[in-house]
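[1] fold the stuff below for me.
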Amino acid sequence: MSGTGNMIHRLTDNRSASTSRMGAASRTSAVASSFVVADAGQCIGCKACELACFAVHSQANGIGASVGTVSVPVVPKVYVVRTGEMYMPVQCRHCENAPCAHACPVQAIRQEDGVVMIDEERCIGCTSCVLACPFGAIEVSPVYRAGHVVTQSGLTHRANRVALPRTAASKCDLCAETENGQPACVEACPNHVLRLAKGISDSPPEPRREVFFPRL
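    Residues are numbered from 1 along each chain as shown. All right, here's what the predicted structure looks like:
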């Protein structure tokens, strides 16, 4: 096969080895995914789900459950949008063959037990995943640590030469780090609009010919 080809075909007999290499195909699996679904007809647009999501994922920035603890912009991983008179929460569907994972040039997106995760440290904020997501569930926003924005080394604003903030992709991770495993948005919704649809995991598929895309 020519070295100038667009892709490299490799027969993999060891699933763990292919996962560690984080090829595009190995970053997703045939495990049925769970995801949060919404009854748009019952959503009142209160955005309680957004605030609950933000609070859970911002504890490292000192964000608590009381007024006065918010010192960073409210950036949730679920977004309530309005179309006409209807409101609708938009969230990641944790696709089994996730297009965002295939689009990521630095292999920052992986799947763990059916949950599609973004490695914020590896992400370069290129927005390739944003363009690839068919549900509009991914946003790229500044990264905060300990209540302060993280700056990008070597990059400054052209006009005032101030260091630019580091950005990374963000989306629903089903509150993977919480103890009870129940998404915060589901628990916070006052109208019971949201619910967790759980996928059923099948036996691991037989080793198959996989496609690995070269890094850009």
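[2] Val78 reaches Cys185, doesn't it?
    Yes. When contacts are counted by CB atoms under 8 Å, Val78 is listed as touching Cys185 (5.2 Å). Placement of C-beta: from N, CA and C, glycine included.
[3] now the common contact residues for these two.
    Val36, Cys49, Glu50, Cys53, Pro89, Gln91 (CB atoms under 8 Å, 6 or more residues apart in numbering).
[4] how close does the residue nearest the centre of the chain get to Val149?
    Centroid-nearest residue in the chain, with CA atoms, centre = their mean: Lys171, separated by 3.3 Å. Between Lys171 and Val149 the computed distance is 20 Å (CB to CB, to the nearest Å).
[5] name the nearest residue to Gly45, ignoring sequence neighbours.
    Spatial nearest neighbour of Gly45, excluding adjacent residues (CB to CB, 6 or more residues apart in numbering): Tyr87 at 3.6 Å.
[6] just checking, the one you found touches Asp39?
    No. The pair Tyr87 / Asp39 is not scored as a contact, 10.9 Å apart, by CB under 8 Å.
[7] more neighbours, those two?
    Using other CB atoms under 10 Å as the criterion, Tyr87 and Asp39 rank with Tyr87 on top: 19 against 14.
[8] what's the neighbour count on Leu174?
    Leu174 - counted by other CB under 10 Å - has 26 other residues nearby.
[9] quick check: which ranges of this structure have low pLDDT?
    1-32, 65-67, 177, 179-181, 199-216 (pLDDT under 70).
[10] where exactly do the strands run in it?
    Shown for the chain, the strands assigned by DSSP state E span residues 8-11, 35-38, 79-83, 86-90, 109-112, 115-118, 139-142, 144-145, 148-149, 151-156, 163-165, 167-170, 194-197, 209-212.
[11] tabulate those (CSV), appending distance to Ala98.
    Converted to CSV, those look like this (distance: least, CB to CB, whole Å):
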stretch, distance to Ala98
strand 8-11, 20
strand 35-38, 11
strand 79-83, 18
strand 86-90, 16
strand 109-112, 7
strand 115-118, 5
strand 139-142, 16
strand 144-145, 26
strand 148-149, 28
strand 151-156, 26
strand 163-165, 27
strand 167-170, 12
strand 194-197, 16
strand 209-212, 14
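[12] between those strands, which one is closest to Ala176.
    strand 115-118 (5.7 Å; CB to CB).
[13] now the angle between strand 79-83 and the longest helix along the chain, please.
    The residue-count maximum for a helix in the chain (DSSP state H) belongs to helix 48-57. For helix 48-57 against strand 79-83, the angle by axes from the mean of the first three to the mean of the last three CA atoms, to 10 degrees is 160 degrees.
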